[in-house]
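J.: structure, please.
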Amino acid sequence: MMSCAEARARWLGAGLLGLFLLPLSLSLEVSVGKAAIIYAVNGTEVLLPCTFTSCIGFENLHFWWTYNSSESSRTIIDGTVKNEKSDPRVRMKDDDRITLVGTTKEKMNNISILLQDLEFSDTGKYTCNVQNPKEQGFMHNATIFLQVVDKLEEVDSTVTVIILAVVGGVIGLLIFILLVKKLITFIIKKTQEKK
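T.: The predicted model follows:
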């Protein structure tokens, strides 16, 4: 049987463990949207989305975007956000073609970037990194892949249209057969009632 002191020690241990895990459960979340790959045409511009949410708020939040290709890896933009009422401030930008278009006002928490005058060499992984000092400096990130192409390919939907037409035709035929059957049984029933 457990003594009162042992029971208190267990409750104290569980409480301390809960306090340790609390910041992790209230942590920052970073998102680049639902698309894992973005296709963009050479010479155009593309928006690389990044938003973050924090349950405990933020102060002096640090963010940076990194670019990784098969040949190189580098930080392309680096900045801070003082608090929820101020817009992001860029501290370093690697390329003049990159523009920070995000805002943190009205709880949008957007640190997206616009990449202009795309080149084929821009193809690669772009990672949005966010670090919140209020969360003991834990770093969170999300990655999106950019593929720069000559032109966007139209998806040929001929096969899909054919399949839908066949399925629709079969369903229509079944409905027609059921209506004809119903009509024939109705006629037979009426002729039997007259006799």
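J.: could you measure from W65 over to K189?
T.: Separation of W65 from K189 (Cβ to Cβ, to the nearest Å) stands at 76 Å. Placement of C-beta: from N, CA and C, glycine included.
J.: those two: who's more crowded?
T.: Neighbour totals were compared for W65 and K189, and W65 leads with 25 against 9 (other Cβ atoms under 10 Å).
J.: so G137 lies in a strand, does it not?
T.: No - the assignment for G137 (DSSP: H, G, I helix; E, B strand; the rest coil) gives coil, which keeps it out of a strand.
J.: and it, what does it touch?
T.: Q131 (Cβ atoms under 8 Å, 6 or more residues apart in numbering).
J.: again, only this time at 10 Å
T.: Counting by Cβ atoms under 10 Å, 6 or more residues apart in numbering, G137 touches 62, 131.
J.: need the pLDDT of it.
T.: Note on G137: pLDDT of 76.
J.: how about I162?
T.: At I162, pLDDT is 87.
J.: now name the helix or strand holding it.
T.: Assigned by DSSP states H and E, I162 belongs to helix 158-194.
J.: buried ones in that helix, by neighbour count?
T.: Within helix 158-194, no residue counts as buried by 16 or more other Cβ atoms under 10 Å.
J.: spatially central, which residue of this protein would that be?
T.: G33 (2.4 Å; Cα atoms, centre = their mean).
J.: that residue contacts S112, doesn't it?
T.: Yes - using Cβ atoms under 10 Å, G33 is in contact with S112, at 9.4 Å.
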